[in-house]
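[1] Take a look and give me a structure for this.
(3 chains)
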Amino acid sequence: MSKSRENTAGDGNRNGNGVTRRSFIKGMGAGVVTTAILPSVVSAGVDLETIRAPEEGVTRATITLNVNGESKRVTVESRATLANTLRNELNMTGTKVVCDRGECGGCSVLIDGDPAYSCMTLAMDAAGREITTIEGLAKNGQLSPVQQAFVDFDAYQCGYCTSGQIIAATGLLEKNSNPSFSEIQRGMSGNICRCAAYQHIFAAVADAAKKGRG
Amino acid sequence: MKREYFAKRVKTVIEENYEYRVIDVLLPNQEAGPIAQDETLEVIGKPFTRIEAVEKVTGAAEYTTDVKMPGMLHGKLLRSSKARANLTNVDVSKAEAMNGVKAVYVLPKENVNYQGDIIAAVAADTEDIAEDAVNAIQVKYEDLKHEVNLDRAMRSSAAEIRDGGNVRQGRQSPLRGDVVQGFKDADKIIEGEYTTQIELHQPLEPHGCVVHWKSDEILIYESSQAVQNAQNSITRQLRREFPDEDISDTTVRVLCEHLGAGFGSKGSPSNFTHLAARLSKMTGNPVRMIANRYEESLDTGNRPSSLQKLKLGLKNDGTFTAIELEAYGSGGITSGSDRLITAVNEMYKCANVKTSTSSVSINGGNGKPTRGPGNVQSFFAFESLLDEAAYELGIDPLEMRKKNYADKSGGGTGRPYSSNGLLQCYDVGAEKIGWSRRNTTPGSGTGAIKSGIGVAALQWGGGGNPSAIIEVEIFKDGRVNIRNGSQDIGTGTRTIMVQVAAEEFGLNLEDISIQIGDSSYPTGIPSWGSNTAASVCPAVRNGAIDALEKLFPIVAERFNVTPDELESNKGMIRVKANPNVGMNFKAAAALMTGDKVTGEGRRGPNPREFSGNTFGAHFAEVEVDTETGKVKVIKVVGVHDSGRIINPLTARSQVIGGMNQSIGYGLLEERVMDNYTGRMTNPNMHDYKVLTAMDAPEIDVTFVDIIDTRNNLGMKGIGEPIRVGLPAAIANAVYNASGVRIRDLPITPDKILNALRLEGGS
Amino acid sequence: MKNFSFVRANSLDEALSSLGSDWKEAAVMGGGTDLIGEMKDYIQSPDKVVNLKQIDELRYIRNGGRSVRIGALSTVSAVETDPLIVENFTALSKAAGLVASPQLRNMGTIAGNICQRPRCWYYRDPEVPCLRKGGARCYSIGGENKYHAILGGYRCYIVHPSDTAVAFTAHDARITITNTKGSKTVDIGDFFVLPRENPNRENILEPGDIVTEIEIPVPDRGTKSTFIKIQEREVWDFATASVAVALTMNGNRCTKARVVLGAAAPAPWRSPDAEKELEGKTITEAVAKAAGDASVYGSNPMTDNGYKVQLFKNIVKRAILELV
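    So this is what the prediction gives:
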């Protein structure tokens, strides 16, 4: 009997090998029909970077988004939010749109290292800035310490807010590697979990901090 | 040896609409024996992390909102801006003429009855174009008088918004005993009027679907907590709408791999899925239709409000002599009140009880069952009243609950319980919260910030039922797969099903795959009523054993015995008379001639002679800032009798989540409707306030170790009972801290300050 | 949201020349956390959005000798944590730290925070033609007015939503406004307007104006300040009541007082009556209570917001006592 998945919330004594490569790949490839990327319906616009008279502005443009270290060219309308652009144009649906008003945190991404709401960020405004999404945290199939801690402490139920929570926690720990309980609570206060796994989230962040410090 | 099933008519509780529905199910003539309380288990009862954990933490988990299909269009709805109006004209010409708009459909209706009532649907190439098109539709309304709040809709001067009057008597429970005499016998009569607000489910994944109406199949991805119920309901609706189409029982297929919660609101399909289907049929393309938060707030369900007028007669020693309840509730224009009588009728021993419940129509989106429907409201009112009575009589509120403890259902008049750990919950909880630390005189603390402790009892059904069929496959290479038409709402259903199978097979969780969330799979269980776990897990166990037994002939041949002489235990198939002779099922599987064997598991019926219920006690410690009116919950203790816990880690997640939600319901959440405009003032996630990380207190979670008798695993439910007790426990703690009694949820600072002012007489 | 023309201004001059002569023509975007919400809800649908975020010259917090100067595009997080602010302006640092959520503090700019539009739910409902949006009347009168103004309302009863504006007022901040014709600097008390003057806007900004700097004088020796915010949730909520108090003490005697209420009125509400109760006095509990009571003189609550009167009395007293 494998004990690798076994754990007790509040008990940091477990190993991180509960993740199998098999389930990871299965997860990544979920649903054959859904991996087909839709052709963008917007025609290529002017390149935002090359506009000479910026005062006039653009209603549609081609921009470069730097997402998880990769440059992505995408043509968007001015009104396109970063969240919708990630989800609809770049097919990165880990970032969720929940309230679409900056009131829940489900769409959190790191912009230049700081947690921000991508539903309240225009794609054009994000052009040229460093964007990290949930898809960019695991490296070579290895979960990040925060991701692993969320697994270990069952820091979610339905999982819909989880991407945003993990991004917020990652941003928090990058700034403060040894947060107190109240700093964790405050740092995670921009992300609603309606299933309300808050206490498990706090435990997970504390554990990730501890592991991150070695 | 061969497992046989026989048809039997079984009465099973379908929580939706609180109807008892008689269904035909096949029951096993024999099933796995119960697991003894002291049996050593390898997997069951252990805190495993979720089998879908990696998908969830990497963003790879695919929810309905994430589904994309080639050629997919985006659907949007035009919804009424008026609470009540006749539609005199709906002009879609501009919308139809827009580039990228592929279909526009106007619903055949002459009037709208609430803000958010659907008027028309659009499909377009992008979400933005669809929204532009909806905005381009011009509607002419003829305003009609509306009522949007329960108190006003009940008045004689109210506009009649529903034929036959706004107030309708619900089905009444039979009168028990003689309440008139009961009140005569009382030494003391305590009365109170309690009100509860409308709560929104606010699942973070909004209601939504992606529908592709193909020539031979209508494929529907739906964010659903009951895929087969959705399949059934959509099939019926489409047959009504498209009588000329050949829609067989299997034409519609509903899929839901991951579900961003539902809390009851996704038990029935979205009220626009049939429109997405229509748009798909009109265009030939798949159509995605996802509610935005405004729509989610207005028209995807809610917990009905309540007004409960209670009267309790007691002897001086605290014994109940009579209870009377007059209750009203309002969920919207057509859905009515929840069943508001459980705390009064079931929970305590009382010979004389009279209740009446009425539904009040308002011009609002319809209610839907909301985690612990009815009981949440009912227990807030009665557990508050009981507390008031205890202080009035100078009796310890916990002792008063024990004194009136009912050892049978129906307030001591019905069937015995299959198990009931309530008294144990009281004792464990009292110890954990430090019950003796409470103020003997409410509000007696010094300083502006006063602390106090309160308690409330809780009860729910949630014992599961025998309708699920689990398919368990063993492949030649030793792999095991489970298949069933249930779904995982986020509670970890997948994981506990695999755990139960792993126990029987002696396998690791990783060695077993599971397929759920597809309506075409064998009969599943809706994720509602706290019924899923206790329904599917015992059936998984039977299915695993059945599959293992399919290998018995192979093993029997090998050892020159008959299959009847074999038994299986943790994956080992052995000769009963000589346990040293046997082989692992994997070795047996390798010898099979085909690719796989398939077992089938069903659960035995619930014994009719028992009532199956979950119980618990909630304790809250609060601080009331008497200068700001703020209530801060310091600590809550939840002690629950929910039978055997298959996975204490995921069960704990359910409990903390449910208790946190209860704090939000108790202190923050409320749908606010403006009487004049008839519109909701807070259809968003800022003004409708759900609990944040900063509001989450210390939670102590305990399960009392009681194994139920009704199924082969001794399980009961957990998802809903945890929502039931805490609001009253908080209100009672607020009283214990501050000396003011708030009878109206949520307990917001304005109510505390106003009550303190009245109390102070200034 | 309606599509619009997006302008990425690279300098203040570029931004100023992109703006138009009426509100519909162009909107200024700092963090965007308020503007984008209003646009999504169709509360405003400008033809052009001028994004200021690339303008590094507007992002600074620096020691200006006798004052601290905050560039308009400094984020709320930066203001909260900057040592100059933390050291000299406790009320502001606290207020900034209590704004919304961590993400919104990272995104939102300080000028955007004081210029944000009201959160009144009638104003935010596109279907309600309220006075502030150019309609005929205020729907909070006889409506759901639990969060509305008890002071300074006149035909419109919004409360000003900014936490930092309340603290800035207590710190005697000055606001610099720039347009194509030049710059002017006004006292914060002259920046905000009440509905009596203009029921459609919360401040004196005209189309074409950009707030470019907020300057706060370094307080006299012996000055301490604090900020208390009461919100229904512990975080991510607009205040139901807030107060910023700054007291300059000479020994036991208060020589100068600022008492400013938030979420009381359509603008940050300085209370000279409360300040009078404090100045020249030794601060005792009785004096603090008298100031608290005085802070709401003239209040005129509606059906559901009467609780705010007692609430302000109590938190003003509490804030004062916190400083002595």
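[2] Below-threshold pLDDT in chain A: ranges please.
    A:1-45, A:49-55, A:214 (pLDDT under 70).
[3] so where do the strands sit in it?
    A:46-47, A:60-67, A:70-77, A:108-111, A:114-117, A:130-132 (DSSP state E).
[4] Let me have those strands in a markdown table, adding mean neighbour count and distance to B:Gly421 as columns.
    For glycine as for every other residue, the C-beta is placed from the backbone atoms N, C-alpha and C. Output for the strands of chain A, formatted as a markdown table (neighbours: other CB atoms under 10 Å in any protein chain shown; distance: least, CB to CB, whole Å):
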| stretch | mean neighbour count | distance to B:Gly421 |
| --- | --- | --- |
| strand A:46-47 | 14 | 68 |
| strand A:60-67 | 20 | 52 |
| strand A:70-77 | 17 | 55 |
| strand A:108-111 | 27 | 41 |
| strand A:114-117 | 27 | 43 |
| strand A:130-132 | 20 | 48 |
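[5] Roughly how far does the residue sitting furthest away from the middle of chain B sit from B:Asn578?
    In chain B, B:Asn560 marks the outermost C-alpha relative to the chain mean, sitting 51.8 Å out by CA atoms, centre = their mean. B:Asn560 sits 12 Å away from B:Asn578 when distances are taken as CB to CB, to the nearest Å.
[6] need the residues of the stretch 1-150 of chain B near chain A, please.
    B:42-43, B:46-63, B:65-70, B:72, B:100, B:125-128 (CB under 8 Å from any CB of the partner chain).
[7] Tell me which stretches of the chain form helices.
    I'll assume chain A. In chain A, the segments counted as helices under DSSP state H are A:21-28, A:82-84, A:123-126, A:145-152, A:162-175, A:181-187, A:198-213.
[8] that's the wrong chain, I meant chain C
    C:12-18, C:35-40, C:76-81, C:83-88, C:90-97, C:102-107, C:110-115, C:163-170, C:188-191, C:272-278, C:285-295, C:307-322.
[9] do the same with the stretch 51-200 of chain B
    B:53-58, B:93-97, B:127-136, B:150-153, B:179-185 (DSSP state H, counting those that start in this stretch).
[10] any idea which of these is most buried?
    Highest mean neighbour count among these (mean count of other CB atoms under 10 Å in any protein chain shown): helix B:53-58, with a mean of 27.
[11] Mind giving me the packing neighbours of that one?
    When contacts are defined as 3 or more CB pairs under 8 Å, 6 or more residues apart in numbering or on different chains; DSSP states H and E, helix B:53-58 sits against helix A:21-28, helix A:145-152, helix A:162-175.
[12] Would you pull up how far the second one lies from the middle of the chain?
    Between the mean C-alpha location of helix A:145-152 and the chain-wide mean there is a distance of 14 Å, by CA atoms, centre = their mean, to the nearest Å.
[13] So that helix, near chain C or not?
    No. Shown here: helix A:145-152 not in contact with chain C (CB under 8 Å from any CB), separated by at least 15.5 Å.
[14] Which residues belonging to that helix are considered buried?
    A:145-152 (16 or more other CB atoms under 10 Å in any protein chain shown).
[15] before we move on, back to that, just put the helices of chain A in TSV and tack on distance to C:Tyr122.
    Converted to TSV, these look like this (distance: least, CB to CB, whole Å):
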stretch	distance to C:Tyr122
helix A:21-28	45
helix A:82-84	28
helix A:123-126	30
helix A:145-152	40
helix A:162-175	30
helix A:181-187	32
helix A:198-213	32
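[16] Now B:Leu249: closest residue in space that isn't a chain neighbour?
    Residue B:249: Asp, not Leu. Closest residue in space to B:Asp249, ignoring its immediate chain neighbours: B:Thr235 at 6.8 Å, by CB to CB, 6 or more residues apart in numbering or on different chains.
[17] Pull the contacting residues for the closest residue to chain B within chain A.
    Closest to chain B within chain A is A:Gly94: 1.9 Å, counting by CB to the nearest CB. Residues near A:Gly94 by CB atoms under 8 Å, 6 or more residues apart in numbering or on different chains: A:133-135, A:163, B:58-60.
[18] Of all pairs in these, which one spans the longest distance?
    Distances among the contacts of A:Gly94 were taken as CB to CB; the most separated pair is A:Thr133 and B:Ala60, at 12.0 Å.
[19] Give me the phi and psi angles of B:Glu567.
    Backbone torsions of B:Glu567, given as degrees, to the nearest 10, read phi -150, psi 160.
[20] where along chain C do the strands fall?
    Counting by DSSP E, the strands of chain C are C:5-8, C:26-29, C:48-51, C:61-63, C:67-71, C:174-179, C:182-187, C:210-217, C:223-230, C:241-250, C:253-262, C:269-270.
[21] Test my guess that B:Gly301 contacts B:Gly264.
    Yes. Using CB atoms under 8 Å, B:Gly301 is in contact with B:Gly264, at 7.0 Å.
[22] which residues are in contact with both of the two?
    B:201, B:368-370.
[23] Format those residues as CSV; extra columns: pLDDT.
    What follows is the shared contacts of B:Gly301 and B:Gly264, written out as CSV (pLDDT from 0 to 100):
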residue, pLDDT
B:His201, 98
B:Lys368, 95
B:Pro369, 95
B:Thr370, 96
